[in-house]
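**Q** Mind looking at a prediction? Sequence and model below.
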Amino acid sequence: TDAVLEIRGLNVDYGLGDEAVHAIRDVDLTLHRGEVLGLAGESGSGKSTLAYGLTRLLPPPGVITSGEVLYHTDGGAPVDVLRMTHAELRKFRWAETAIVFQGAMNSLNPVHRISTQLTDVIQAHDPGGSKAARLARARELLNLVGISADRLDSYPHQLSGGMRQRVMIGMALALEPKVVIMDEPTTALDVVVQRQILRQLVELRERLGFSVVFITHDLSLLVEFSDRIAIMYGGRIVEEANSAELYRNPLHPYSHGLLNSFPALRGPKRELTGIPGSPPDLRAMPSGCAFHPRCPHAMERCGVEVPVLGVPRDHEGPDRTVACLLHPVHDNGL
Ligand code: ATP
Ligand code: MG
């Protein structure tokens, strides 16, 4: 498959100078056409920062200090999102890449009916259309996400959390984007509802042909629904693999720990052991591999050397990368 988005050497800080904390470190990540890419990692690993950074929606004091985000348009040369003008960005955000943010289901305006909020989004980007056409499209979008059209007249508080989340997805799909980024609320929805929503998104992806970046801390959810999974720790990608491969044989001890932190929804059960200790403090990052203080396999070198993400010599699968000294990588790995 070919690339839709290519993130190269991305670094993001919060704050400037001495105050700066390095939240995203040297991230390289490719999203392919039509795929579901899962992004997992504990709270604070940088998942949302990455999503905000690649769409240039970082709230202050977030700053992108280096890197590029290449967006491949149909036919044309790739454009760097980080160098787009504001006018180009506005178009890009809704028409090409739509984001459903963490907590988005609470961002619906409580005083407006669902119909108004949907038709407003449609109108903002297609001011020429008729009111009837916008309403018809709003109805269609609700149907798409499995909500009956008679909910158009409802106010947000009359819908469940899961339904509000679906409305947000419908809204994100309004302009038929090529990429949908979904930053799942960690606690707001229970796992059954999350699973329904993710299943629906995957079905829509097949029908409408967009790519998905799905962000969650729950790796078991991703194993079921994503094509590929990237695992983040301390602002870096520490492993990336096809999701079946990752489930069968996680190479990074952190991936292994994360897989054993959530009950599997399907497939063989794992013993839930979790990961001892807590995620690193960005202001006091451990030397070497950031995971080494929590790692059951840490060697002396791990406290000194920062492992490079690369293709492991012991597992030369397609597109499989890991950053761990237990798995030496090819020099020209990437
Ligand atoms: P969660 O699973 O809780 O959503 P996350 O993986 O999305 O976590 P981020 O929200 O991207 O993590 O945060 C990454 C790091 O950046 C954290 O250490 C966080 O404390 C820090 N951070 C996030 N926002 C800010 C901010 N506005 N100012 C300073 N630091 C921030
Ligand atoms: Mg987040």
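**A** It's in. Note that the coordinates shown come from a computational prediction; the quantities given were computed from them, not determined experimentally. Numbering: from 1, shown residues only. Ligands and ions are numbered 1, 2, ... in the order given.

**Q** how about the spatially closest residue to residue 58 that is not a sequence neighbour, what does it touch?
**A** Closest residue to residue 58 apart from its sequence neighbours, by C-beta to C-beta, 6 or more residues apart in numbering: residue 52 at 4.6 Å. (Glycine included, C-beta is placed from N, CA and C.) Shown in contact with residue 52 (C-beta atoms under 8 Å, 6 or more residues apart in numbering): 58-59, 62.

**Q** The residues you listed, buried ones only, as a PyMOL selection?
**A** This is the PyMOL syntax for the buried subset of those, where burial follows 16 or more other C-beta atoms under 10 Å:
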select buried, resi 58+62
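
**Q** circling back: export only the CA atoms of the helix or strand hosting the residue nearest to residue 58, formatted as PDB.
**A** Here residue 52 sits within helix 47-54, counting by DSSP states H and E. What follows is helix 47-54 as a C-alpha-only set of coordinates in PDB (Å, rounded to 0.1, in the frame of the first residue of the first chain):
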ATOM      1  CA  LYS A  47      -0.200  10.100  21.700                       C
ATOM      2  CA  SER A  48      -2.300  13.200  21.700                       C
ATOM      3  CA  THR A  49       0.700  15.500  21.300                       C
ATOM      4  CA  LEU A  50       1.600  13.500  18.200                       C
ATOM      5  CA  ALA A  51      -2.000  13.800  16.800                       C
ATOM      6  CA  TYR A  52      -2.100  17.600  17.600                       C
ATOM      7  CA  GLY A  53       1.300  18.100  16.200                       C
ATOM      8  CA  LEU A  54       0.700  16.400  12.900                       C
END
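
**Q** Now do that helix, average pLDDT.
**A** For helix 47-54, mean pLDDT is 94.

**Q** buried ones in the following helix or strand past that helix?
**A** Note on helix 47-54: by DSSP H and E, the next helix or strand toward the C-terminus is strand 62-71. Neighbour-count burial for strand 62-71, with 16+ other C-beta under 10 Å as criterion, is recorded at 62, 64, 67-71.

**Q** my read: residue 93 touches residue 54, true?
**A** No: using C-beta atoms under 8 Å, residue 93 is not in contact with residue 54, being 11.1 Å away.

**Q** which of the two has more neighbours?
**A** residue 54 (28 against 18; other C-beta atoms under 10 Å).

**Q** hang on, isn't the more buried one packed against residue 69?
**A** Yes: shown here, residue 54 and residue 69 form a contact pair, counting by C-beta under 8 Å, at 4.8 Å.

**Q** where do the contact lists of the two overlap?
**A** Joint contacts of residue 54 and residue 69 (C-beta under 8 Å, 6+ apart) are 5, 7, 10, 81.

**Q** I'd like to know which of the residues you listed are part of strands.
**A** Secondary structure assignment by DSSP state E places 5, 7, 10 of the shared contacts of residue 54 and residue 69 in strands.

**Q** now the angle from the helix holding residue 52 to strand 62-71?
**A** Counting by axes from the mean of the first three to the mean of the last three C-alpha atoms, to 10 degrees, helix 47-54 lies at 70 degrees to strand 62-71.

**Q** Residue 37 pairs with what?
**A** The residues listed as beta-bridge partners of residue 37 by DSSP bridges are residue 213, residue 228.

**Q** show me what contacts it?
**A** Residue 37 touches 29, 31, 211-214, 226-230, counting by C-beta under 8 Å, 6+ apart.

**Q** before we move on, what about residue 184?
**A** Counted by C-beta under 8 Å, 6+ apart, residue 184 has contacts 102, 194, 214-216, 218.

**Q** The longest helix along the chain: which residues count as buried?
**A** When the chain is parsed with DSSP state H, its longest helix is helix 191-208. Neighbour-count burial for helix 191-208, counted by 16+ other C-beta under 10 Å, picks out 193-195, 197-198, 201-202, 204-205.

**Q** Ok, stretch 311-320 next?
**A** Going by neighbour count (16+ other C-beta under 10 Å), the buried part of stretch 311-320 is 311-312, 320.

**Q** Could you point out which of those residues is nearest to ligand 1?
**A** residue 320 (22.5 Å; C-beta to the nearest ligand atom).

**Q** Quick check: closest non-adjacent residue to that closest one.
**A** Going by C-beta to C-beta, 6+ apart, residue 320 has residue 241 as its nearest residue, at 4.6 Å.

**Q** Quick check: residues of the stretch 151-300 of the chain near ligand 2?
**A** Counting by C-beta under 5 Å from the ion, no position of the stretch 151-300 of the chain is adjacent to ligand 2.

**Q** now swap in the stretch 1-150 of the chain and tell me
**A** With C-beta under 5 Å from the ion as the criterion, the stretch 1-150 of the chain comes near ligand 2 at residues 47-48.

**Q** Just the strands from the stretch 1-150 of the chain, written as ranges.
**A** Applying DSSP state E, counting those that start in this stretch to the stretch 1-150 of the chain gives strands spanning 3-14, 21-32, 36-40, 62-71, 79-80, 97-100.
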